[in-house]
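1. Only the shape, not the letters, is given here:
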C-alpha cells in the first residue's frame, strides 16, 4: 500500500511539474530588451514629470512606442540622446525647464485675514475659506512645495514664500502639481520675464490685500511691443511664443507685479554713425534718448533698460547694446 501511495503521489507531482513547465513556456511575457536598456539610462528619480508612474512606466511606454523620447526633464538632453540611440530614433530637442513662483505676496506686503492654527500644510489651510492670507489667490506659505520637492530645491524664505534654487531644480514639476493655489509655474530656463501674480481681482480689491498684486490696469498690455499680453479675467496673460523678454512691462508696471529673471541687462550706446534722425527718440518707451535733430544723440544710462526698441528703428545701425548680457552690434544691413 505504501509503495502504491508513493507511486501515485510521485506521478501526480510529475504531471503537475510538466503542466507548470508547459504553462511557463506558453504564458511567458516577452521582455523588450530596449525597455530594460531605456530604464538603465533613466535617472531613477521617479518624479512623474514625464507623465508616467515613475521611471519604469516611462521606460515601458518608450519601448512600446507610446511615449516621446525627450520627456525626462531630470535627465535632460543627455538622457534623451541616449534613449534615442537605444530606440534608433531622433530624440528631438529638449528645452530645460525650471519652476518659478508667480506670487510676490509675502507676509510683509500681503497680510493675513485670520490666524490659522490647523495642520501646517498648504492644502489643508487652503480648504479653510481659501486659506489665511487676505489674498485668496496667493501662495499659502506653509511650505508644502518645499516638502514634496524630491531634489531639495525649495526652501521657505523669511517672508513665508518659497525660494527656489534654480541650480538644484530639475523642472520635474512636482511642486507645480502639488501647489493648491497654482502659484508655481514651469517655464523654459531661458525665459526671463514672467507675471508674478495670479489674482483675478482688480483695482482697490487687490490693493487692499496685496501691495504688489496686479490691479488689472492694462498698462502692460498697451506697452508690450510684441503684442504678447492679453487681459483675461483681470489678469494679463502672456503668450510665451510672442514675448521677446524686452522687460518693458516689468518697468512700466505700477505695482511691480512682473519679475525679471535676467541677471543683468545691457544699455544702449549710440555710436558716431548716428545722423540725428530722432527715430530712436520717438521709439524709446522710457525717454532715455536725447539730442537735437541732425546731431548725434545720447542715451541716459539711468533711464535705459536695454529693451532694444531704439535699435530696431535706427536706419543707420548706430545703436549698440552693451552690458551685462554681452555686447551686441547691428551693422547697417543687420
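-> Perfect, thanks for sending it. Since this is a predicted model, take the numbers as computed values, not measurements. Numbers count the residues shown, from 1 in each chain.

2. what about the spatially closest residue to residue 130 that is not a sequence neighbour, helix or strand, and which?
-> Counting by Cβ to Cβ, 6 or more residues apart in numbering, residue 130 lies nearest to residue 136, which is 3.7 Å off, once chain neighbours are set aside. Where C-beta positions appear, they are placed from N, C-alpha and C, glycine not excepted. In this structure, residue 136 sits in neither a helix nor a strand according to DSSP states H and E.

3. Just to check, residue 136 is in contact with residue 114?
-> No. With contacts counted by Cβ atoms under 8 Å, residue 136 stays clear of residue 114, the gap being 11.7 Å.

4. show me what contacts residue 155?
-> 146, 162-163, 165 (Cβ atoms under 8 Å, 6 or more residues apart in numbering).

5. Same check on residue 2?
-> Here residue 2 is in contact with no residues (criterion: Cβ under 8 Å, 6+ apart).

6. can you check residue 276 too?
-> Listed by Cβ under 8 Å, 6+ apart, the contact set of residue 276 reads 291-297.

7. what about it, distance to residue 295?
-> 5 Å (Cβ to Cβ, to the nearest Å).

8. could you pull out the strands for this protein?
-> Along the chain, the stretches classed as strands by DSSP state E are 97-101, 154-156, 162-164, 184-188, 193-195, 229-232, 235-238, 258-260, 266-270, 289-290, 298-299, 319-323, 328-329.

9. By mean pLDDT, which helix or strand of this structure comes out lowest?
-> strand 328-329 (a mean of 40; mean pLDDT, DSSP states H and E).

10. partners of residue 184 in the sheet?
-> Beta-bridge pairing for residue 184 (DSSP bridges): residue 101.

11. Revised request: answer the last question for residue 270.
-> residue 319.

12. who are the neighbours in contact with it?
-> By Cβ under 8 Å, 6+ apart, the neighbours of residue 270 are 280, 289, 296-299, 318-320.

13. export the residues you listed to JSON lines and tack on distance to residue 25?
-> Listed next are these as JSON lines, based on distance: Cβ to Cβ, whole Å:
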{"residue": "280", "distance to residue 25": "80"}
{"residue": "289", "distance to residue 25": "82"}
{"residue": "296", "distance to residue 25": "88"}
{"residue": "297", "distance to residue 25": "85"}
{"residue": "298", "distance to residue 25": "86"}
{"residue": "299", "distance to residue 25": "80"}
{"residue": "318", "distance to residue 25": "81"}
{"residue": "319", "distance to residue 25": "77"}
{"residue": "320", "distance to residue 25": "75"}
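
14. which of those has the most neighbours?
-> Ranked by neighbour count (other Cβ atoms under 10 Å), these have residue 280 at the top, with 26 neighbours.

15. where's it relative to residue 53, distance?
-> 56 Å.

16. got it, and residue 9?
-> To residue 53, residue 9 is 45 Å away according to Cβ to Cβ.

17. which helix of this structure spans the most residues?
-> helix 2-26 (DSSP state H).

18. for the record, mean pLDDT for that helix?
-> Helix 2-26 shows a mean pLDDT of 80.

19. same thing with stretch 193-207?
-> Here the average pLDDT along stretch 193-207 is 95.

20. Now residue 135: closest residue in space that isn't a chain neighbour?
-> With Cβ to Cβ, 6+ apart, the residue lying closest to residue 135 is residue 209, at 4.2 Å.

21. How about residue 218?
-> residue 231 (5.6 Å).

22. on that earlier part again, show me which of the contacts of residue 270 is closest to residue 62.
-> residue 320 (47.3 Å; Cβ to Cβ).

23. you'd agree the closest one is up against residue 268?
-> Yes. Shown here, residue 320 and residue 268 form a contact pair, counting by Cβ under 8 Å, at 7.3 Å.

24. Poorly predicted segments of the chain, please.
-> 1, 29, 324-334 (pLDDT under 70).

25. Give me the spatial nearest neighbour of residue 70, chain neighbours excluded.
-> Closest to residue 70 by Cβ to Cβ, 6+ apart is residue 80, at 4.0 Å.

26. and the one you found, what does it touch?
-> 69-70, 72, 91-92, 94.

27. where does the residue nearest to residue 130 sit relative to residue 195, distance-wise?
-> Counting by Cβ to Cβ - residue 136 and residue 195 are separated by 18 Å.

28. swap in residue 311?
-> 25 Å.

29. same thing with residue 204?
-> For residue 204, the distance to residue 195 - Cβ to Cβ - is 20 Å.

30. more neighbours, these two?
-> More crowded of residue 204 and residue 195, by other Cβ under 10 Å: residue 195, with 20 against 9.

31. Contacts only, for that one.
-> By Cβ under 8 Å, 6+ apart, the neighbours of residue 195 are 102, 214, 220, 235-236, 238, 257-259.

32. Show me which of those residues is closest to residue 125.
-> Among those, and counting by Cβ to Cβ, the member closest to residue 125 is residue 102, at 18.8 Å.

33. what residues are up against residue 186?
-> Residue 186 neighbours (Cβ under 8 Å, 6+ apart): 97-100, 171, 173, 176.
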